[in-house]
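In: Sequence first, then the predicted structure:
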Amino acid sequence: MLELSELSCGYGEVVAVQRLSLRLEAGRMLALIGPNGAGKSSALGAVAGHVKVLGGRLTYDGATLERLTPGERAARGIAWVPEGRRLFGDLTVRENLTVGGFVRTRRAEAANLERVVALFPRVGERLRQLAASLSGGEQQMVAIGRALMAEPRLLMIDELSLGLMPKAVTQIYQALARLRAEGMAILLVEQNTRHALGAADSAVIVESGRDVWSGSAAEAARDPALLGHYLGHG
């Protein structure tokens, strides 16, 4: 479904990612892990169309993405939940969710909203509240829900658990497991390697913009020396 082949990307003259390769199929979850500043967020931004591709190939369902706008990529089923969630705080939860479905018909809005509420019942209880009044965990659920309103087949989430309470993190990972079981491909950037490796099928470790290790998530989780070498975990 998604393939990055020696992808390089960056901002102006700054190269954030250098020759990164990975492959993600439908119904699978891949964790992109590594230290701060390794280029993980930039890689997601390049897939979404917000970071300039400088070299390599970026393909989705066998078609190249480089010439497509972010809106065109969203219409093809690519959704991105950026770090910090970026909700419209002065809009209600329902209004934030509606914004996420801009690439789909209004006729589909009700069905997609029902799907989001079924996945995150807490969101359904907060539809009339301003997004700024929600807890961090609730905001992350709304941010993911907003992405789901576009009916994606590829969901990318940047820093899923950053600043969230453990209960909210557990609920979100449970929701992602349901989405994966339904056939969605999920690309996850996560500082909490224990959560990421426990949920994902595969993992790619990124260091200084390059992929330095790839394999099964279970294999990485069983190898403390590997994580200690690249991430400082013992």
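Out: Arrived safely. Residues are numbered from 1 along each chain as shown.

In: dump the residue contacts of the closest residue to residue 113 other than its chain neighbours.
Out: Spatial nearest neighbour of residue 113, excluding adjacent residues (Cβ to Cβ, 6 or more residues apart in numbering): residue 97 at 6.1 Å. The C-beta positions use only the backbone N, C-alpha and C, and glycine is treated the same way. Counting by Cβ atoms under 8 Å, 6 or more residues apart in numbering, residue 97 makes contact with 113, 116, 123, 127, 142, 145-146, 149.

In: For the buried ones among the residues you listed, write the corresponding ChimeraX selection.
Out: In ChimeraX, this line selects whichever of these come out buried by 16 or more other Cβ atoms under 10 Å:
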select :113,116,123,127,142,145,146,149
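
In: what about the lengthiest helix in the chain, distance to the chain center?
Out: Ranked by residue count and defined by DSSP state H, the top helix of the chain is helix 166-181. For helix 166-181, the separation from the chain centroid amounts to 13 Å (computed by Cα atoms, centre = their mean, to the nearest Å).

In: Contacts for it next, please.
Out: With contacts defined as Cβ under 8 Å, 6+ apart, helix 166-181 is touched by 27-29, 119-120, 122, 135-138, 140-141, 144, 148, 155, 157, 160-161, 164, 186, 188, 192, 195, 199.

In: State the helix or strand in which residue 30 lies.
Out: strand 29-33 (DSSP states H and E).

In: Give the buried residues for the helix or strand harbouring residue 97.
Out: Residue 97 belongs to helix 93-100 when assigned by DSSP H and E. Using 16+ other Cβ under 10 Å as the test for burial, helix 93-100 gives 93-94, 96-98, 100.

In: what residue ranges in the chain score low on pLDDT?
Out: Within the chain, the segments meeting pLDDT under 70 span 103-106, 232-234.

In: mind listing the strands for it?
Out: Here the chain has its strands, by DSSP state E, at 2-11, 14-24, 29-33, 52-60, 63-64, 78-81, 154-158, 185-189, 202-207, 210-216.
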